[in-house]
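S.K.: all I have is the shape, not the residue letters:
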């Protein structure tokens, strides 16, 4: 059994989705694991991870707009606003998505579907540097 964990950072330009599939694939390849799982974890409470459509960018545009409508900024009932109007909405958006994703590995490659990619989902307006931990486990 092999196990390895590696971290990497992604710089964001503010709200949006940033594909990280290639970085995770590289870590899987370098691990030498042929059969197993890879888990990606984001170490933040105002950004998240999603497995989402990676072929047509309009699908991500719709996702972004949906979250803007689902959890709008500047709501008078938000108390946690110390870092601005996107503070509380960013935390709520994170809770509605995920902080980790696990993908099977077969023949040394992630078994994502044809149109699937792994995305960091930035919920803050300002640019941030996000850290992700990737654990690979298998044989």
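M.R.: Nice, thanks for sending it over. Please read these numbers as outputs of a predicted model, since none were measured by experiment.
S.K.: so what's the gap between stretch 94-105 and the chain middle?
M.R.: Stretch 94-105 sits 7 Å away from the centroid of its parent chain (C-alpha atoms, centre = their mean, to the nearest Å).
S.K.: ends of that stretch, how far apart?
M.R.: Terminal residues of stretch 94-105 lie 26 Å apart, using C-alpha to C-alpha, to the nearest Å.
S.K.: buried set for that stretch?
M.R.: 94, 97-99, 101, 103, 105 (16 or more other C-beta atoms under 10 Å). Yep, even glycine has a C-beta here, placed from its N, CA and C like the rest.
S.K.: ok, residues contacting it?
M.R.: Contact with stretch 94-105 is made by 24, 28, 33-42, 44-51, 67, 70-71, 110-112, 118, 121, 123, 136, 138, as judged by C-beta atoms under 8 Å, 6 or more residues apart in numbering.
S.K.: what about that stretch, average pLDDT?
M.R.: Summarised as a single mean, pLDDT over stretch 94-105 is 98.
S.K.: out of the buried residues of stretch 94-105, which is nearest to residue 7?
M.R.: residue 99 (14.5 Å; C-beta to C-beta).
S.K.: related to what we said a few turns ago, now the buried members of the contacts of stretch 94-105.
M.R.: 24, 28, 33, 36-38, 40-42, 44, 46-51, 67, 71, 110, 112, 118, 121, 123, 136, 138.
S.K.: which residue ranges form the strands in the protein?
M.R.: For the chain, the strands defined by DSSP state E occupy 2-11, 16-19, 36-42, 47-53, 100-106, 109-110, 116-122, 129-138.
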